[in-house]
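Undergrad: build me a structure from this.
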Amino acid sequence: MLGGSFWISFLRNGLSAGLIITIFMLLEHPAASLRKTVGRCILFCLLVTTGFSFWYLFDSENFIRFAGMLSIPIVGIFCILISRDGLYLLLYKLTLGFYLLTVTIFCGIDSSRLWFRGSIWADIVVRIALAAVIVFIFATKVRKSFLDGVDYLREEMDWFSAVTLLLSVLIAALVAFWPGSHDFSILHIGRTAILLFMTGLIQYMVFDLYLHRGKEKRRRAEHELLEMNEQLIRHQLELIERVREETKGSRRKRICENETVDRILSTYEGWAEKENIQADICVRMAGDTTVSDGDLAAVLANIFENAIYSCLKSGQPVMRIRLSVVQKTKKLAILCRNTCSSDIRMRDGVLEMGTGSEPGVSLVTKIVSFYQGEADFSVENGVFTTRILLNIPEHTQRTP
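TA: I've put the predicted structure just below:
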């Protein structure tokens with residue numbers, strides 16, 4: 001657009017590729033280690049920059065006409081390979097990076113032509129300064145708020161959001177990059193500036209809309225869990241009171257430093273002993289955790305209660321429950337193996353108890369989903385196995 005040598009093109013292309021990849025990485029939790037990902041990004045930028053610069057050297061006319069649009073699929077494929085996010089969220093980050101690149105190119109070229117008589121170096125300096133400001137703002141202001149809401153976006157963004165973003169950015173890019181429409185005039189600069197502003201507004205509105213939708217959906221799910229928890233807690237309080245009356249005066253060894261976990265497991269251990277069920281319990285977790293007490297109580301109570309019912313229905317002379325609760329970094333793993341009958345039934349991977357416990361199993365499934373965890377149930381050789389994995393949030397998500 002303003003011309004220049006091979007090395008000028010190399011510098012411009014490097015700035016462009018570096019800006020898109022930097023913005024993408026600031027909003028990304030890479031699939032591989034950070035060191036490997038950064039190395040791959042640097043290598044990719046060098047290869048793309050070199051390739052595009054040689055294209056400019058040998059065919060500058062077509063380079064100017066098509067390079068901007070061709071960079072979208074090339075960079076997009078690379079970002080797909082290094083990202084662990086879904087397609088829609090990945091497209092949002094790509095279109096955001098490409099939009100910011102479009103803004104820097106527009107400001108660099110038209111600032112140079114408007115105030116510096118089309119100076120190549122003025123164009124480059126403006127691009128570098130604007131890119132530095134953008135990266136600084138994203139690193140210090142935008143990144144944290146984006147990553148805090150990325151779970152909501154990951155759940156809610158769909159094809160409509162992706163199409164909206166792609167069309168808006170493509171329209172803006174066509175105006176900014178297509179040489180035939182890039183006449184130098186105040187009117188053209190004004191039209192392009194307004195178009196870029198509207199595109200940026202669409203980017204923000206999509207982000208805000210889907211973030212709000214995600215939070216509202218999570219709030220409704222949370223409210224539903226709290227209602228189910230309330231019903232379950234009433235049942236648990238009745239059971240706890242009954243077991244305490246039956247075991248009054250006896251001293252029990254503390255199972256866990258976490259008060260909620262200790263009370264739940266102690267209560268159900270007493271019930272199991274009363275039913276002549278051998279209960280082996282192993283707990284290794286911190287006294288405090290950001291998983292809410294209500295959710296912990298619901299999961300553990302349901303797992304233990306279903307295990308007891310399963311043992312009693314088995315008809316086996318020796319009944320056993322082995323339960324372990326282990327916390328490692330940001331994961332909480334719960335494993336329960338218990339005696340069960342040979343004709344046990346499964347439906348959609350969930351145990352059918354036939355004892356009115358199905359709502360509790362449904363509650364456990366909802367809690368696991370809320371913490372973006374995993375639940376697995378299996379039967380083998382008369383032993384029923386329950387595996388629960390919860391992702392421990394950095395901050396408390398709700399109070400019980």
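
Undergrad: wait, what's in contact with I202?
TA: The contact partners of I202, by Cβ atoms under 8 Å, 6 or more residues apart in numbering, come to T164, L165, S168. Placement of C-beta: from N, CA and C, glycine included.

Undergrad: state the mean pLDDT of the one helix or strand the last one maps to.
TA: Mapping S168 onto the secondary structure by DSSP states H and E places it in helix 159-177. Mean per-residue pLDDT for helix 159-177: 70.

Undergrad: need the helix or strand of this structure with the lowest average pLDDT.
TA: strand 350-351 (a mean of 52; mean pLDDT, DSSP states H and E).

Undergrad: I109 contacts D123, correct?
TA: Yes - counting by Cβ atoms under 8 Å, I109 touches D123, with 5.7 Å between them.

Undergrad: looking at these two, which is more packed in?
TA: Taking other Cβ atoms under 10 Å, I109 and D123 do not tie; D123 has more neighbours (24 against 21).

Undergrad: where do the strands sit along this protein?
TA: Assigned by DSSP state E, the strands in the chain fall at 277-284, 319-328, 331-339, 346-347, 350-351, 374-380, 383-391.

Undergrad: worst average pLDDT in these?
TA: The weakest mean pLDDT among the strands of the chain belongs to strand 350-351, with a mean of 52.

Undergrad: so how far is F160 from I72?
TA: 19 Å (Cβ to Cβ, to the nearest Å).

Undergrad: looking at the two, which one has more neighbours?
TA: I72 (19 against 11).

Undergrad: how far away is that one from C107?
TA: 20 Å.

Undergrad: shaky segments in this structure?
TA: Scanning the chain for pLDDT under 70 picks out 1-3, 29-32, 169, 172-185, 222, 225-253, 287, 344-362, 394-400.

Undergrad: tell me which residue is most central in it.
TA: Nearest to the geometric centre of the chain sits D151, at 4.0 Å (Cα atoms, centre = their mean).

Undergrad: export the contacts of I202 as JSON lines, with columns for neighbour count and distance to W55.
TA: Shown next, in JSON lines, are the contacts of I202 (neighbours: other Cβ atoms under 10 Å; distance: Cβ to Cβ, whole Å):
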{"residue": "T164", "neighbour count": "15", "distance to W55": "31"}
{"residue": "L165", "neighbour count": "25", "distance to W55": "27"}
{"residue": "S168", "neighbour count": "20", "distance to W55": "27"}
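
Undergrad: pick the one among the residues you listed closest to N258.
TA: Relative to N258, the closest of the contacts of I202 is L165; by Cβ to Cβ it sits at 44.3 Å.

Undergrad: so that closest one sits right up against V206, yeah?
TA: Yes - contact criterion Cβ under 8 Å: L165 and V206 qualify, at 6.0 Å.

Undergrad: what residues are shared contacts of those two?
TA: Y92.

Undergrad: which segments of the chain make up each domain?
TA: What automatic domain parsing lists as the domains of the chain is 6-218, 247-391.

Undergrad: which one of the ones you listed lies nearest to E224?
TA: With respect to E224, and counting by Cβ to Cβ, the nearest of the domains of the chain is domain 247-391 at 7.1 Å.

Undergrad: and that closest one, how far from the chain's centre?
TA: Chain-centre distance of domain 247-391: 28 Å, with Cα atoms, centre = their mean, to the nearest Å.

Undergrad: quick one: the helices in the stretch 51-200 of the chain, in order.
TA: Using DSSP state H, counting those that start in this stretch, the helices of the stretch 51-200 of the chain run over 60-82, 87-115, 120-137, 143-148, 150-156, 159-177, 186-246.

Undergrad: want to throw those into JSON lines with distance to T22?
TA: As requested, those are exported to JSON lines (distance: least, Cβ to Cβ, whole Å):
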{"stretch": "helix 60-82", "distance to T22": "12"}
{"stretch": "helix 87-115", "distance to T22": "8"}
{"stretch": "helix 120-137", "distance to T22": "6"}
{"stretch": "helix 143-148", "distance to T22": "11"}
{"stretch": "helix 150-156", "distance to T22": "18"}
{"stretch": "helix 159-177", "distance to T22": "18"}
{"stretch": "helix 186-246", "distance to T22": "17"}
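
Undergrad: mean neighbour count, the ones you listed: which tops it?
TA: Mean neighbours per residue, mean count of other Cβ atoms under 10 Å, is largest over those for helix 87-115, with a mean of 21.

Undergrad: which strands and helices sit next to it?
TA: If contacts are counted by 3 or more Cβ pairs under 8 Å, 6 or more residues apart in numbering; DSSP states H and E, helix 87-115 sits against helix 6-26, helix 60-82, helix 120-137, helix 150-156, helix 159-177, helix 186-246.

Undergrad: format the strands of the chain as TSV; extra columns: mean neighbour count and distance to S5.
TA: Output for the strands of the chain, formatted as TSV (neighbours: other Cβ atoms under 10 Å; distance: least, Cβ to Cβ, whole Å):
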stretch	mean neighbour count	distance to S5
strand 277-284	16	64
strand 319-328	18	56
strand 331-339	20	54
strand 346-347	10	70
strand 350-351	19	67
strand 374-380	14	56
strand 383-391	19	52
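
Undergrad: count of neighbours near the nearest residue to M319 once chain neighbours are set aside?
TA: In space, and not counting its chain neighbours, M319 is closest to C311: 3.9 Å by Cβ to Cβ, 6 or more residues apart in numbering. A count of neighbours around C311, defined by other Cβ under 10 Å, yields 25.

Undergrad: now the domains of the chain as CSV including distance to E224?
TA: Shown next, in CSV, are these (distance: least, Cβ to Cβ, whole Å):
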stretch, distance to E224
domain 6-218, 11
domain 247-391, 7
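
Undergrad: look up how far I74 lies from T49.
TA: Per Cβ to Cβ, T49 is found 11 Å from I74.

Undergrad: whoops, I mixed them up, F63
TA: Taking Cβ to Cβ, one finds F63 at 14 Å from I74.

Undergrad: ok, G4 next?
TA: Taking Cβ to Cβ, one finds G4 at 22 Å from I74.

Undergrad: and if you look at D280?
TA: Applying Cβ to Cβ, the value for D280 to I74 is 57 Å.

Undergrad: and what of T104?
TA: According to Cβ to Cβ, T104 stands 18 Å off from I74.

Undergrad: likewise for W7?
TA: Counting by Cβ to Cβ, the gap from W7 to I74 is 21 Å.
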